[in-house]
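**Student:** sequence plus the predicted model coming up.
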Amino acid sequence: MGLAIIVIFVFLVLYIAHFYWNVSKYPKGPFPLPFIGNLLQFPAENIHVFYDDLAKIYGPCFTIWTPLPSIVLTDYEQIKDAFVTQETFTYRSHLPPETLFQPHDHTGLMLTDGDDWKLQRKTALKILRNFGLGKNLMEEQVIGSIREMQDQLGQIKDKSDVDLFWPIQLCVGNIINETLFGFHYKHEDCGKFQTFVKVIDTHIKSLRTRFALLVAAFPWLRNVPVVGEIGYHFMRRNIDLYHNFMEQEVASQIKTYNQEEEPTNFVHAYMREMEISGKPGLNPTNLCASVVDFWLAGMETTSNSIRWSIAYMMKYPEIQDKVRKEIQENVGSSRLPSIEDKPNLPYTQAVIHEVQRHSNMVPMLGSHKNIKDTTILGKPVPAETFIFAQLWSVMKNDSVFEDSHLFNPDRYLHSNGETFRKDVIERTIPFSIGKRNCIGEGLARMELFLIFSALIQNYEFVATSNIDLTAQWSTVLTVKPYTCKSVPQF
Ligand code: HEM
């Protein structure tokens, strides 16, 4: 008995000594405790605000123990040095809850790294580029989905109390669905779509809880009641519903693939790439995983951005009027705005930038990891450290955004109201920067422009109650639910 106590005591002393020796190798941050790191200091919500406050004490590159060593980056120069300049930070954590995104780790785009990731990313980018070139399939698909949304909005009888949630969600979902599978849901018959939107929503909300962080640090906690259930099993069961659904959709598209025809959806185009390249990494498992990634990464982000933009327009009706005036003068009312109109609508573009900056919707990125010892602007980063890059802090604190708390689209334009301020655009980074930035950025920018300008062209949106722009916290910062009066313009 006495010996056992001595052994445990020695083990604890050695563990604690090793822990603090390890702590000394990282950039300074709040004092961590052995076993639990800084977890007790974590707020239940708004972790990005907690990190932002810590940056005021420890600077823009500090360590937080979750209880795994994680470096938080809160300003542009640090993020640029890590993600643009260095390749080593393109690696992922490969820990839950992020691994739950896929039925199999190391598949698809978001959860792969090294050569596997390069192959998937290169293939997906090639397909998306091909869709955006030539007859511009992508723009056609976006406009087709906008028409479906217009139809849905037009059929709403009581225009004094309109909830835009599902029309926007379906429009964005249909664009991804068209791109991936080549068909879209009719608004009168979209029960299946609504079910998996709810599954994704639940998953995104459960990603950043303390229990999820604990299970990431100590995977054996999955077997402990309550912690394991909330931090792992509940999420696994929920997201499996969605994986099954995606597998079925991909399987039915694979059946319709015809080698003789030019591919018009992602599944067919990927199959074509499988045939042409013969690379073993291009296979049905990675195809399915890439499709899962596109849905997860592309839907909530884009639909939320559009919901935010209408909320801002209701809060600032004079800005909404100015956007509509610009659209009416340059596009008119007989057709929907197109990408060709973009250069003639600088104010509309400035508003979209400012909504993305001010709503600051993706507060911090999914975890990145470096596989080699390195430095970030002189600060040591040992291999296998997790990196949390806070885009939120950049777009709130960077000195280029004067009076950053104000919603002011004019900050993007020179005094002539026509040309853009490159210095301000450069630091507006909602899609992140560098080697692992958003692969859907081009599509997302097209969607934001075409959907937002079509909505403002066709309706005046008037708040029916106070518009509260305080965000709801989850992996993506969402706007509080609102309803509005939608006044048709023609
Ligand atoms: C307003 C809309 C969007 C925003 C703000 C956004 C933002 C981001 C950000 C910040 C990242 C980097 C994540 C990281 O480094 O961990 C990212 C990655 C990604 N995004 Fe987007 N995104 C949007 C729309 C889309 C769309 C429409 C798609 C595809 C249809 C998409 C697909 C992806 C994928 C697959 C990745 C992972 C890339 C990789 O790991 O190499 N996103 N997105």
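**Tutor:** That came in fine, so what should we check first?

**Student:** please make it C-alpha for all contacts and neighbour counts, starting now.
**Tutor:** Fine.

**Student:** residues in contact with the helix or strand that contains N22?
**Tutor:** Using DSSP states H and E, N22 sits in helix 2-23. For helix 2-23, contacts defined as C-alpha atoms under 8 Å, 6 or more residues apart in numbering pick out P34.

**Student:** continuing past that helix, what's the next helix or strand?
**Tutor:** helix 47-58.

**Student:** what packs against the following helix or strand past that following helix?
**Tutor:** For helix 47-58, the succeeding helix or strand toward the C-terminus, using DSSP H and E, is strand 61-65. Counting contacts by 3 or more C-alpha pairs under 8 Å, 6 or more residues apart in numbering; DSSP states H and E, strand 61-65 packs against strand 69-73.

**Student:** if you set the cut-off to 10 Å instead, what comes out?
**Tutor:** helix 2-23, helix 47-58, strand 69-73, strand 379-381, strand 386-389 (3 or more C-alpha pairs under 10 Å, 6 or more residues apart in numbering; DSSP states H and E).

**Student:** now do the fourth one: everything it contacts.
**Tutor:** What that stands for is strand 379-381. 25-28, 61-63, 69-71, 78, 370, 372-375, 387 (C-alpha atoms under 10 Å, 6 or more residues apart in numbering).

**Student:** can you give me the end-to-end distance of stretch 257-266?
**Tutor:** End-to-end span of stretch 257-266 (C-alpha to C-alpha, to the nearest Å): 11 Å.

**Student:** could I get the buried residue list for it?
**Tutor:** Counting neighbours by 16 or more other C-alpha atoms under 10 Å, one finds that the buried residues in stretch 257-266 are Y257, P263, T264, N265, F266.

**Student:** quick one: mean pLDDT for the helix or strand containing G173?
**Tutor:** Counting by DSSP H and E, the element that carries G173 is helix 165-181. The pLDDT scores in helix 165-181 average 94.

**Student:** chain center to stretch 131-141: distance?
**Tutor:** 23 Å (C-alpha atoms, centre = their mean, to the nearest Å).

**Student:** please identify the buried residues of it?
**Tutor:** F131, G132, L137, M138, E139, Q141.

**Student:** now swap in stretch 37-52 and tell me
**Tutor:** In stretch 37-52, counting by 16+ other C-alpha under 10 Å, buried: G37, N38, L39, N46, I47, H48, Y51, D52.

**Student:** the first one reaches P69, doesn't it?
**Tutor:** Same thing as G37. Yes. Between G37 and P69 there is a contact at 8.5 Å, judged by C-alpha atoms under 10 Å.

**Student:** helices or strands next to the helix holding G173 in the packing?
**Tutor:** Counting by 3+ C-alpha pairs under 10 Å, 6+ apart, helix 165-181 packs on helix 137-154, helix 191-206, helix 234-255, helix 266-277, helix 284-315, helix 441-458.

**Student:** mind redoing it with 7 Å?
**Tutor:** Using 3 or more C-alpha pairs under 7 Å, 6 or more residues apart in numbering; DSSP states H and E, the elements in contact with helix 165-181 are helix 137-154, helix 266-277, helix 284-315.

**Student:** up against the ligand, what does the stretch 251-400 of the chain have?
**Tutor:** D293, F294, A297, G298, T301, T302, S305, L365, G366 (C-alpha under 6 Å from any ligand atom).

**Student:** typo on my end, the stretch 101-250 of the chain
**Tutor:** L109, M110, I176.

**Student:** redo these as TSV? Include neighbour count.
**Tutor:** Compiled in TSV, those are given as follows (neighbours: other C-alpha atoms under 10 Å):
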residue	neighbour count
L109	25
M110	26
I176	25
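
**Student:** between those residues, which is closest to the ligand?
**Tutor:** Nearest to the ligand among those, counting by C-alpha to the nearest ligand atom, is M110 at 3.7 Å.

**Student:** contacts only, for the closest residue to the closest one other than its chain neighbours.
**Tutor:** Take M110 and drop its neighbours on the chain: the residue closest to it by C-alpha to C-alpha, 6 or more residues apart in numbering is D293, 6.5 Å away. Shown in contact with D293 (C-alpha atoms under 7 Å, 6 or more residues apart in numbering): G108, L109, M110.

**Student:** sec struct for the last one, please.
**Tutor:** Which is M110. coil (DSSP: H, G, I helix; E, B strand; the rest coil).

**Student:** how close does it sit to I175?
**Tutor:** From M110 across to I175, the span is 20 Å (C-alpha to C-alpha).

**Student:** swap in the second one?
**Tutor:** L109 sits 19 Å away from I175, taking C-alpha to C-alpha as the criterion.

**Student:** before we move on, what about the first one?
**Tutor:** G108 sits at a distance of 20 Å from I175 (criterion: C-alpha to C-alpha).
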